[in-house]
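Enquirer: Have a look at this prediction, sequence included:
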Amino acid sequence: MSDIKFGITLYSFSTEYIHEKLDLEGVLRKARDMGYKGVEIIPAQMAPEYPYLSDEWINELKGLLDKYELEPICWSAYIDMGIRSDRDLTEEEIIQYTVNDMIYAKKAGFQMVRTQHAISPAIFRKMIPYCKQLDMKLTIEMHHPHHPEVEVWKEYFEIMKGEGKGYLGYVIDFSIYQTMPHQLYLNQALEFGCRPDKLEEIIALHQKKEDTSLKIAAAEQGDFNEIEKHTALEMFGKFSAPAKISQIKDTIDCCFYIHGKFYYLDNDDHDPCIPFEELMKELRDLGYKGYIASEYEGHHFDYTVDSEEQLRHFIALNTKLLEA
Amino acid sequence: MSDIKFGITLYSFSTEYIHEKLDLEGVLRKARDMGYKGVEIIPAQMAPEYPYLSDEWINELKGLLDKYELEPICWSAYIDMGIRSDRDLTEEEIIQYTVNDMIYAKKAGFQMVRTQHAISPAIFRKMIPYCKQLDMKLTIEMHHPHHPEVEVWKEYFEIMKGEGKGYLGYVIDFSIYQTMPHQLYLNQALEFGCRPDKLEEIIALHQKKEDTSLKIAAAEQGDFNEIEKHTALEMFGKFSAPAKISQIKDTIDCCFYIHGKFYYLDNDDHDPCIPFEELMKELRDLGYKGYIASEYEGHHFDYTVDSEEQLRHFIALNTKLLEA
Amino acid sequence: MDFQAYNKIFICKDEIKNITVKDAVIGYEFKIKYPSYRGTFLSCIEALSFQVDGVEIPKEDVYFCLNNKQFLLDELKDCFKEYWFVRDKATIQVRKAGGISSGKHTVNAFLKHRVPYTGYFGEYLVLDSNVTETLVAE
Amino acid sequence: MDFQAYNKIFICKDEIKNITVKDAVIGYEFKIKYPSYRGTFLSCIEALSFQVDGVEIPKEDVYFCLNNKQFLLDELKDCFKEYWFVRDKATIQVRKAGGISSGKHTVNAFLKHRVPYTGYFGEYLVLDSNVTETLVAE
Ligand SMILES: [Mn+2]
Ligand SMILES: [Mn+2]
């Protein structure tokens, strides 16, 4: 038994939402029907007025959350550093976007905003008074290709454990533990021109226990076409340095929320890409008490997959693991 | 008797419009109540959606024109060359704004668009196919400090008399014939710190028949304070080179419309600033057949003046002159 | 000295209101209109600043709100697609924890704006509007 | 090769319509959506171009219409305050006297867009969407 709850980010229904099969109310109803209690929303995806949200829209959202008895858990904000063509966002602009998100989130009943690492330690620290004034938590997502060894995270953890304690935290995204490309990625590689036997060869190479530079050399010298070479380099680049699950314990006190990221689950029993077995065990053993959001992301690769079926595999697999 | 008709530009009611005493319907009703038949509108003033107008708004305008039985005469467009901080408008942008105005004007039932000299001869010429396609006239306003001697106008008249004949024309604005500052300007000068006797002195200097450079020297060396000097220089600069009424005949065939500009009329009999007597005689004698729009512009200087009273003076004065 | 009469509409007489989010008062707001006979584009605003009770408000604490958008003062000069209709009130939000005290306050607004069609001979007319009003906070 | 599945929503299946002003047919229009899971800012569009029946449309004949505004393609890169909601259709107006003939037409749209939050280590991910669809003109 554990205190871990499974929530859902509405982002999991991206395919249905952008193809206009489900609207905002539709995804909320579906989440409720599937048994979820807590939800995360990405306003940059589902708020037509983004980035400046009216009280009317916020009240509409609040009304829907009430109607479907869903708890507002996480408001996912962006640091869109590259909005402008001529320069990155200034500190003033980053503060404006972030404080606005905290205000909108608060009004909508959320207690946590997720932001992104590009906020910078200096600005993250400057958000503490706003967190206190609004009684809101602000978290940074650790998403691939970031991981605990990335220099800036040492500073972030220091702030989270120090002056920001209780207000500033982070969100683990399981993408940082991925070791293998998922099935939809492989399907796409085939569709784009990889030969099946060559793709097998690349996967075998990727799984070899040797230095990545040797694998890259092998891919470059091998009998591969352009798309195969591209696929090989992308695969080795993305999935060769997963974060260490043993490190979670060092910062679990700052982890306010988790993104249960997954791309494709063929069944209820096992994912060859993300080590859910070890993750669930570790989180349970460490006494993690928060939500893990079901975060289906296969929609980047294939719009024909049924998101609901994927989410059911995710919940079945991980509930089983937690109860084991 | 003449074929000249007096219309009105809704711009005359700027004070009432911007102080929210009259809305779009209010100024149209007022124009009708005052006996006007033909109207000009500045969408940059009265269209909330400017510069991109929906069919809904255009139909609303059209409905109001019908309701008050007003003929749509002139759609006044701008060449807002200085919109951007980093550069002037490009040719592409000027064409976009101008063609849009012609389209909106056509939809609203107007047959003429007034634009501004900054359009350039090259782009003006490029508008001919659009004029033909939409069956619309396009005119450039000649407004102070422009006058027929300004170089670019020779080119404009050549185009109007040549390949653009019947489609491209110009609008005379009586500001080009102004010889004296109006009463509201003088009141403002007093309010801003000119001493009454010094202002009299400056006016006397302005009226002297001598070279402007001598007047300027006199103003600079005289016993005047800063605002008096500024007033003197502005007065000599603005009102020392009125256009010649005798030149109107040379381009009357290109003059599709006239702005009966005035700033302040104390009575129905005479304006010391603009030579209406000669203007009306000349226009009548030349057989001008179009509209003269009543264009009250005192609102730049004094928001307490009653626009309707001013317009009544204008109509009384000029009707008397035309019928003389 | 054209256009000066339009300054009368610059600062609106509406009440100053505190801005609250649940229990927190995060600032206050008042309203202004564009002081002209026609609308403009935000990019034609060359300078805009405010003093309240004689104290200059730091620009990073001011949000200019119009057309359902929020602009930092430094952004205005780049917003050439954003039209300010002459009868539309812009809301000036000032970020200040605790808001403003109720009662009378002196508000000064200074605007430097380019008139975009006045490039008669290559240069644009740039006008100043400098207006002070006494407003009442709720 | 992320994001490629979103290309399916890029060119909308709506009919191509001629644009008329009274009796004159001044062009035609079709619709596109932003090919992603979330909205973007127009300033993140680094390139956008169209071919109809294999012929490239000159950029000055294309108006990108969104949020009740009309943009020239060259203006998009500067419009950092203009948000393109992922479910909003942008209308692509093509200026062409006489419009387009009724029946089937091949429309190709090419978009190069910056994903603004992907500055992971200082550089942004820039994606291409290159889609061809057969649309029907009314
Ligand atoms: Mn995530
Ligand atoms: Mn005029």
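Expert: Good, I have the coordinates. Small disclaimer: the values here were computed from a predicted structure and weren't measured. Residues are numbered from 1 along each chain as shown, chains lettered A, B, ... in the order given. Ligands and ions are numbered 1, 2, ... in the order given.

Enquirer: what separates the residue nearest the centre of chain C from ligand 2, distance-wise?
Expert: Nearest to the mean C-alpha position of chain C, by CA atoms, centre = their mean, lies residue C:32 at 5.0 Å. Distance check for residue C:32 against ligand 2: by CB to the ion, to the nearest Å, it reads 28 Å. From N, CA and C alone the C-beta is placed, and that goes for glycine too.

Enquirer: Same check on residue A:165?
Expert: Distance from residue A:165 to ligand 2, by CB to the ion: 67 Å.

Enquirer: can you pull the contacts of residue A:186?
Expert: By CB atoms under 8 Å, 6 or more residues apart in numbering or on different chains, the contact set of residue A:186 is A:199, A:203.

Enquirer: ok so it is a strand residue?
Expert: No. Residue A:186: not assigned to a strand; according to DSSP: H, G, I helix; E, B strand; the rest coil it is helix.

Enquirer: ok, it to residue A:231 distance?
Expert: Here residue A:186 is placed at a distance of 9 Å from residue A:231 (CB to CB, to the nearest Å).

Enquirer: Give me the common contacts of the two.
Expert: Shared contacts of residue A:186 and residue A:231, counting by CB under 8 Å, 6+ apart, come down to residue A:199.

Enquirer: which residue ranges form the strands in chain C?
Expert: C:17-21, C:24-32, C:40-41, C:45-52, C:55-56, C:62-66, C:69-72, C:83-84, C:90-95, C:103-115, C:125-137 (DSSP state E).

Enquirer: now, of those strands, which is deepest in the fold?
Expert: Across the strands of chain C, averaging neighbours per residue (mean count of other CB atoms under 10 Å in any protein chain shown) puts strand C:83-84 on top, at a mean of 24.

Enquirer: Within the sheet, what are the partner strands of that one, with directions?
Expert: strand C:40-41 (antiparallel) (DSSP bridges).

Enquirer: residues making contact with the strand it pairs with?
Expert: Residues outside strand C:40-41 that contact it (CB under 8 Å, 6+ apart) are B:80, B:83, C:34, C:79-84, C:113, C:116.

Enquirer: Need the buried ones from those selected in ChimeraX.
Expert: A single ChimeraX command selects the buried members of those (16 or more other CB atoms under 10 Å in any protein chain shown):
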select /B:80,83 /C:34,79,80,81,82,83,84,113,116
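
Enquirer: what residue ranges in the chain score low on pLDDT?
Expert: You didn't pick a chain, so chain A it is. By pLDDT under 70, the low-scoring segments of chain A are A:1.

Enquirer: that's the wrong chain, I wanted chain C
Expert: In chain C, residues with pLDDT under 70: C:1.

Enquirer: try it again with 50
Expert: Across chain C, nothing is flagged by pLDDT under 50.

Enquirer: quick one: contacts for residue A:130?
Expert: By CB under 8 Å, 6+ apart, the contact set of residue A:130 is A:98-99, A:102, A:136.

Enquirer: Nearest to ligand 2 among the residues you listed?
Expert: residue A:99 (46.7 Å; CB to the ion).

Enquirer: Check the contacts of residue A:130 one by one and keep those near ligand 1.
Expert: For ligand 1, no contacts are drawn from those by CB under 5 Å from the ion.

Enquirer: could those residues go into JSON lines alongside secondary structure, neighbour count and distance to residue B:304?
Expert: Shown next, in JSON lines, are the contacts of residue A:130 (DSSP: H, G, I helix; E, B strand; the rest coil; neighbours: other CB atoms under 10 Å in any protein chain shown; distance: CB to CB, whole Å):
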{"residue": "A:98", "secondary structure": "helix", "neighbour count": "23", "distance to residue B:304": "48"}
{"residue": "A:99", "secondary structure": "helix", "neighbour count": "19", "distance to residue B:304": "44"}
{"residue": "A:102", "secondary structure": "helix", "neighbour count": "26", "distance to residue B:304": "48"}
{"residue": "A:136", "secondary structure": "coil", "neighbour count": "22", "distance to residue B:304": "51"}
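
Enquirer: From residue C:57, how far out is residue C:30?
Expert: Counting by CB to CB - residue C:30 and residue C:57 are separated by 11 Å.

Enquirer: Please apply the same query to residue A:220.
Expert: In terms of CB to CB, residue A:220 sits 59 Å off from residue C:57.

Enquirer: Which one's more surrounded, the two?
Expert: Taking other CB atoms under 10 Å in any protein chain shown, residue A:220 and residue C:57 do not tie; residue C:57 has more neighbours (18 against 11).

Enquirer: surely the more buried one meets residue C:51?
Expert: Yes. The criterion here is CB atoms under 8 Å, and residue C:57 meets it with residue C:51 at 7.0 Å.

Enquirer: what's near enough to touch the residue of chain C most remote from its centre?
Expert: Most distant residue from the mean C-alpha position of chain C: residue C:121, 29.7 Å away (CA atoms, centre = their mean). By CB under 8 Å, 6+ apart, the contact set of residue C:121 is residue B:145.

Enquirer: what about residue A:213, how many residues close to it?
Expert: 9.

Enquirer: Excluding chain neighbours, what is closest to residue A:101?
Expert: Leaving aside its chain neighbours, residue A:101 sits nearest to residue A:77 (3.9 Å; criterion: CB to CB, 6 or more residues apart in numbering or on different chains).

Enquirer: now swap in residue A:166 and tell me
Expert: Nearest to residue A:166 is residue A:137, by CB to CB, 6+ apart, at 7.9 Å.

Enquirer: got the contact list for that neighbour?
Expert: A:111-113, A:131, A:166-169, A:256.

Enquirer: list the buried ones in stretch C:5-22?
Expert: C:5-12, C:16-19, C:21.

Enquirer: can you list those in CSV and add distance to residue A:296?
Expert: Formatted as CSV, the buried residues of stretch C:5-22 follow (distance: CB to CB, whole Å):
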residue, distance to residue A:296
C:5, 62
C:6, 57
C:7, 58
C:8, 59
C:9, 54
C:10, 53
C:11, 52
C:12, 49
C:16, 48
C:17, 43
C:18, 43
C:19, 38
C:21, 32
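
Enquirer: Identify the farthest-apart pair in the contacts of strand C:40-41.
Expert: C:81 and C:113 (16.9 Å; CB to CB).

Enquirer: can you list contacts of stretch A:259-268?
Expert: A:6, A:9, A:141, A:143, A:171-175, A:178, A:182-185, A:271, A:273-274, A:292-298, A:301, A:305, A:310, A:312-314, A:316-318, A:320.

Enquirer: let me fix that: stretch A:187-206
Expert: With CB under 8 Å, 6+ apart, stretch A:187-206 has contacts from A:180-181, A:186, A:215, A:218-219, A:222-228, A:231-232, A:235-236, A:239-240, A:301-302, D:1, D:4.

Enquirer: That one: which residues count as buried?
Expert: A:188-189, A:194, A:198-199, A:201-203, A:205-206.

Enquirer: Just flag the most distant two among these.
Expert: A:188 and A:205 (18.9 Å).

Enquirer: So residue C:113 is in contact with residue C:44, correct?
Expert: Yes. Contact status for residue C:113 versus residue C:44: in contact at 5.4 Å, counting by CB under 8 Å.

Enquirer: Now do the phi/psi pair for the residue lying closest to residue A:37 once chain neighbours are set aside.
Expert: Once flanking residues are discounted, residue A:37 sits nearest to residue A:71: 5.7 Å by CB to CB, 6+ apart. Main-chain torsions, residue A:71, degrees, to the nearest 10: phi -90, psi 130.

Enquirer: about what we covered before: could you export the contacts of strand C:40-41 as TSV, including distance to ligand 1?
Expert: Formatted as TSV, those follow (distance: CB to the ion, whole Å):
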residue	distance to ligand 1
B:80	45
B:83	41
C:34	43
C:79	32
C:80	36
C:81	33
C:82	33
C:83	38
C:84	39
C:113	45
C:116	45
